[in-house]
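Engineer: Show me how the following folds:
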Amino acid sequence: GNCSQNAGWAGVYWQNPANNWGLVKGGYDLTGAKKLTFWARGKEGGEVISEFKMGGMTGEYSDSDSASIGPVELTDSWQQYTIDLEGMDLSYISGGFCWVVSKIYNDQGCAFYLDEIKYE
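Structural biologist: Predicted structure coming up:
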């Protein structure tokens, strides 16, 4: 896709409630989760995702912690990825999952697919 307003990046953040950047209550207590797993693949292979992340919301109702992986270069085959959550404070998480792509890694844009995003 195209980056609007010359931002040079694009991303999606699954939040609770929708569009909550830490300004309203909405976090979940995910205490006990040890990892966040998901499957991903690129349309062509070689797509680079700058970051996959959970947590990290700031503001009056900040997330209690955050964790991320990246950059991650995808193949055109489904692969499982894991964000380790061991020892983290997961008592209040509004930002459930996010991804960010950058023009730096994908100067022609990119397409990729996600499946089975879950906390375990």
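Engineer: Grab the most central residue of the protein for me.
Structural biologist: Cys98 (2.2 Å; CA atoms, centre = their mean).
Engineer: which SS state does that residue fall under?
Structural biologist: Of the three states, Cys98 takes strand under DSSP: H, G, I helix; E, B strand; the rest coil.
Engineer: pLDDT value on it, please?
Structural biologist: Looking at Cys98, its pLDDT reads 97.
Engineer: who's it bridged to?
Structural biologist: Taking DSSP bridges as the rule, Cys98 bridges to Tyr13, Lys53.
Engineer: Likewise for the one 4 residues further on?
Structural biologist: Beta bridges link Ser102 to Trp9, judged by DSSP bridges.
Engineer: Run a quick neighbour tally on it.
Structural biologist: Per other CB atoms under 10 Å, the neighbour tally for Ser102 reads 19. Bear in mind the C-beta positions are built from the backbone N, C-alpha and C, glycine included.
Engineer: And it, how close does it get to Gly42?
Structural biologist: Per CB to CB, to the nearest Å, Ser102 is found 15 Å from Gly42.
Engineer: Kindly report the same for Thr82.
Structural biologist: 18 Å.
Engineer: higher neighbour count, these two?
Structural biologist: Between Thr82 and Gly42, Gly42 has the larger neighbour count (other CB under 10 Å), namely 21 against 13.
Engineer: got the contact list for that one?
Structural biologist: 74-76, 110-113 (CB atoms under 8 Å, 6 or more residues apart in numbering).
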